[in-house]
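*Asks:* Prediction below, plus the sequence it came from.
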There are 2 protein chains.
Amino acid sequence: MNSNHSAKDQHLCEACLFKRLSTNFISTDDFCHIEKHTQQLRYKKGDTILKQGANTTHLVFLFKGIVKFEFENTNGKNLILTVVSAPKLLGGANMFYKNQNLFSICAVEDCDVCFIELNVFREILLKNSRYALMLFEKASEMFKVSILNFISLAHKQIHGRIADILIYLAESVYCSRRFDLSLTRKELADFAGCSQENVIITLSKFKKEGIIKMEKKDFEIVDYDKLLTISKIG
Amino acid sequence: MNSNHSAKDQHLCEACLFKRLSTNFISTDDFCHIEKHTQQLRYKKGDTILKQGANTTHLVFLFKGIVKFEFENTNGKNLILTVVSAPKLLGGANMFYKNQNLFSICAVEDCDVCFIELNVFREILLKNSRYALMLFEKASEMFKVSILNFISLAHKQIHGRIADILIYLAESVYCSRRFDLSLTRKELADFAGCSQENVIITLSKFKKEGIIKMEKKDFEIVDYDKLLTISKIG
DNA sequence: ATCGAAAACTGAAATATTTCATATTCACTT
DNA sequence: AAGTGAATATGAAATATTTCAGTTTTCGAT
């Protein structure tokens, strides 16, 4: 089932955003060292990129595609912690903690990623504290997003939570009020922490009230302000 | 109402855990530099130590007492993100992010804390990357706890959430199965993300079933295994 | 010691959410 | 082109949770 294979048409590191960002902080030599211990891979929609419970040995730079962070419960229930789109450095939360992956990272769209060896990366961080601090700021930013998700989940009802998710997807994942949703209704439910049926009912309601247009996977936020209001009142 | 005052009987830095931990990684000179830019303060139960929305200018080392991390919503609802007891370095999440406090930190027991100037601390981190990475690891650990809270909240019902909270308090805050709870029932509700009444009903149920003993603020976990089971099935 | 405000508690009604049963559509394989 | 399983959709019943109204208890300030 795991259909990744070394990408034939390798993206050149020259064009890579991560390289451009990094070489503002570290020497070209240091980046080359990272590059030597990096493997480029391609994943199909549905593939698992990092598996919950496995040892954290690599950092992942997502340079194309969309992934979900998914926590699988012992009783089979899933929870999606967040959804992010390229370009993004993944594993920030665990980046500096030698341990097991807290959650899985799965492709919800075809993805191209680079696997960077963590121990090599750590060496570079030790040599370049300014770089380390910059990356930690980025990780803190991700932490912030998680906290806000957490808050939404904790004291909003379904309408507010679904509104939050639609806003988040439009703002931070698809960067457009109209998008072709990569997630199933079930995955939306895992994201909102509710039942599938409740997602469907709520989306239908938003559609009836003219807040969104929705045709299968094709979504468009029509009344953004109303969505913000729903988010606010919870 | 803010009843903090410079502690008369200052704790000596010599005895401080934070100093002992730090000087494993940085020079005594560097630690003295931190010390010079540190202020020791005492807070009463109920006082706010760091205010949500204020600029993050200091790191806080809590060396005595218990605090809650509280997010205040626009519509007046509160959410407690976590509760931690001394000794602990607070502000790890925002530590390397020059910004506003995402949430308030309030004393739920009388607290003694040291305020450390963030810009001074940053300098030291830049000079001592090994120290920085060690602190990142600690911050990541806190992040992990938040994620697990988040998961509990997201797909457990009240029984499971209250069980989780009791386990957490016993294990990580009071370090004993019997404890004098510093939080009100309302605060427990803010922690569990539910109504006050629901907390009371659930605790009464646990008491009736012989899982806990509870007399006012005096709590004791009697049947720890049953609590674990409840936590597991959600 | 007393007063008043805040906290703890209880039961009933209202509301939100899940579960279950069933139908339809969609995507994909043969 | 037909068949299969997954995804989407809908309504009703069961369950969980909140809200409300009212009572008792606790705790700190005077």
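*Replies:* In hand now; what should we look at? These figures come from a predicted structure and were not determined experimentally. Numbers count the residues shown, from 1 in each chain, chains lettered A, B, ... in the order given.

*Asks:* make it CA atoms for all contacts and neighbour counts henceforth
*Replies:* Fine.

*Asks:* helices or strands up against the worst-scoring helix or strand of chain A on mean pLDDT?
*Replies:* Sorted by mean pLDDT, DSSP states H and E, the helices and strands of chain A end with helix A:129-155, the least confident at a mean of 84. Here helix A:129-155 touches strand A:78-85, helix A:118-127, helix A:158-168, strand B:78-85, helix B:118-127, helix B:129-155, going by 3 or more C-alpha pairs under 8 Å, 6 or more residues apart in numbering or on different chains; DSSP states H and E.

*Asks:* That helix: which residues count as buried?
*Replies:* By neighbour count with 16 or more other C-alpha atoms under 10 Å in any protein chain shown, helix A:129-155 contains the buried residues A:129-133, A:135-143, A:146-147, A:149-155.

*Asks:* before we move on, back to that, which one of the helices and strands packed on helix A:129-155 lies closest to DNA strand D?
*Replies:* Comparing the helices and strands packed on helix A:129-155 against DNA strand D with C-alpha to the nearest atom of the strand, the closest turns out to be helix B:129-155 (9.0 Å).

*Asks:* What angle do helix B:118-127 and the closest one make with each other?
*Replies:* 120 degrees (axes from the mean of the first three to the mean of the last three C-alpha atoms, to 10 degrees).

*Asks:* now check helix B:129-155, is it near DNA strand C?
*Replies:* No: if you take C-alpha under 7 Å from any atom of the strand as the test, helix B:129-155 misses DNA strand C, and the best it gets is 7.9 Å.

*Asks:* How about that helix and DNA strand D, any contact?
*Replies:* No: judged by C-alpha under 7 Å from any atom of the strand, helix B:129-155 makes no contact with DNA strand D; its nearest approach is 9.0 Å.

*Asks:* cool, and stretch A:163-182?
*Replies:* No: Stretch A:163-182 is not in contact with DNA strand D by C-alpha under 7 Å from any atom of the strand; minimum separation 8.6 Å.

*Asks:* First-to-last residue distance for that stretch?
*Replies:* End-to-end distance of stretch A:163-182 (C-alpha to C-alpha, to the nearest Å): 17 Å.

*Asks:* So which bits of that stretch are buried?
*Replies:* For stretch A:163-182, by 16+ other C-alpha under 10 Å, it's A:163-170, A:173-174, A:177-179, A:181-182.

*Asks:* What's the mean pLDDT across that stretch?
*Replies:* When pLDDT is averaged along stretch A:163-182, the result is 96.

*Asks:* what's near enough to touch A:Phe18?
*Replies:* By C-alpha atoms under 8 Å, 6 or more residues apart in numbering or on different chains, A:Phe18 lies in contact with A:Phe61, A:Leu89.

*Asks:* Surely it is within a helix?
*Replies:* Yes: assigned with DSSP: H, G, I helix; E, B strand; the rest coil, A:Phe18 falls within a helix.

*Asks:* distance of it from DNA strand D?
*Replies:* Taking C-alpha to the nearest atom of the strand, to the nearest Å as the measure, A:Phe18 falls 33 Å from DNA strand D.

*Asks:* Please verify my assumption that A:Ile34 contacts A:Ile116.
*Replies:* Yes: A:Ile34 is in contact with A:Ile116 according to C-alpha atoms under 8 Å; the separation is 7.0 Å.

*Asks:* how close does A:His58 sit to DNA strand D?
*Replies:* For A:His58, the distance to DNA strand D - C-alpha to the nearest atom of the strand - is 29 Å.

*Asks:* Now for that residue, how many residues are close by?
*Replies:* 21 (other C-alpha atoms under 10 Å in any protein chain shown).

*Asks:* per-residue confidence at it?
*Replies:* 92.

*Asks:* Report the contact partners of it.
*Replies:* So A:His58 contacts A:Phe115, A:Ile116, A:Glu117, A:Leu118 (C-alpha under 8 Å, 6+ apart).

*Asks:* could you dump the residues you listed to TSV with distance to B:Ile80?
*Replies:* What follows is those, written out as TSV (distance: C-alpha to C-alpha, whole Å):
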residue	distance to B:Ile80
A:Phe115	37
A:Ile116	37
A:Glu117	37
A:Leu118	34
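
*Asks:* The residue most central in space within chain A pairs with what?
*Replies:* What sits nearest the mean C-alpha location of chain A, by C-alpha atoms, centre = their mean, is A:Val84, with 2.5 Å. Judged by DSSP bridges, the bridge partners of A:Val84 are A:Val67.

*Asks:* can you list the domain ranges for chain A.
*Replies:* As given by automatic domain parsing, the domain ranges for chain A are A:15-128, A:156-233.

*Asks:* Pull up the distance across the last one, start to finish.
*Replies:* In other words, domain A:156-233. First-to-last residue span, domain A:156-233, C-alpha to C-alpha: 8 Å.

*Asks:* Are it and chain B in contact anywhere?
*Replies:* Yes: counting by C-alpha under 8 Å from any C-alpha of the partner chain, chain B is contacted by domain A:156-233 at A:Gly193, A:Cys194, A:Lys232, A:Ile233.

*Asks:* Where does the prediction get shaky in chain A?
*Replies:* Along chain A, the model assigns pLDDT under 70 to residues A:1-11, A:92-98.

*Asks:* Close to DNA strand C: what parts of it are there?
*Replies:* A:Lys156, A:Gln157, A:Ile158, A:His159, A:Gly193, A:Cys194, A:Ser195, A:Gln196, A:Glu197, A:Asn198.

*Asks:* Please consider this matter closed, and thank you.
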